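> Pasting a predicted model and its sequence here:
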Amino acid sequence: MKMMTIHDLEINQRAEHTKKITQEEVYAFSEITGDRNPIHMDKEYAERTFFKKQIAHGALLSGLISAVFGMKVPGPGAIYEMQELRFLKPVYFGDEVTAYVEVQEINKERNRVTFNTGCSNQKGEIVAEGRSVLLPSKNNH
């Protein structure tokens, strides 16, 4: 795990993190956040919605993107300044989600990097997409 400064980053640089979404993890996320919306927690309720089954929290996808930032690019020491994320498709229990980040703009004077971000499922469908701004670490140790 390398700590990157703004000088280590390049336009179109990309990193990913893939994770299978389990019922247990969605339930744990619900406990941590207090979001016990029945669309996530209640199978019978979810079956009566247009999703037809339980779905993962959108914020859980945001957390997967955060993991890419914190562990890969730009890595440890980076600070999240802003996140925009649109949820395009549901994520169901058992889906394998790949979160990705890609450098779009580098502002060395302000130490800000703009990323395109998103998540796709095991079918290659984009389930969420957005944009983030981060402040990379100012030093690499």
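It's in. Numbering: from 1, shown residues only.
> hey, let's count contacts and neighbours off CA atoms from now on
Fine.
> List the buried residues of stretch 46-56.
46, 53-56 (16 or more other C-alpha atoms under 10 Å).
> try stretch 122-129
126-129.
> Could you pull up the contacting residues of residue 47?
53-54 (C-alpha atoms under 8 Å, 6 or more residues apart in numbering).
> Keep only those of the buried residues of stretch 122-129 that are in strands.
126-129 (DSSP state E).
> Put together TSV for those, with distance to residue 114 on each row.
TSV is the format used below for those (distance: C-alpha to C-alpha, whole Å):
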residue	distance to residue 114
126	20
127	20
128	17
129	14
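> Out of these, which comes closest to residue 20?
residue 127 (14.0 Å; C-alpha to C-alpha).
> Test for you: state the pLDDT assigned to that closest one.
We have a pLDDT of 98 for residue 127.
> Show me the shaky parts of this protein.
Along the chain, the parts satisfying pLDDT under 70 run over 1, 140-141.
> At which residues are the strands of it located?
Using DSSP E, strands in the chain cover 14-20, 79-87, 96-107, 112-120, 126-135.
> so which of the ones you listed is the most packed in?
strand 112-120 (a mean of 23; mean count of other C-alpha atoms under 10 Å).
> Now do stretch 102-110: everything it contacts.
Contacts for stretch 102-110 (C-alpha under 8 Å, 6+ apart): 6-7, 9-15, 112-117.
> Then stretch 112-120?
So stretch 112-120 is in contact with 6, 61, 65, 85, 97-107, 126-136, going by C-alpha under 8 Å, 6+ apart.
> Confirm for me that residue 86 is in contact with residue 128.
Yes: when contacts are counted by C-alpha atoms under 8 Å, residue 86 is listed as touching residue 128 (5.4 Å).
> Need the residues touching each of those two.
The contact sets of residue 86 and residue 128 do not overlap (C-alpha under 8 Å, 6+ apart).
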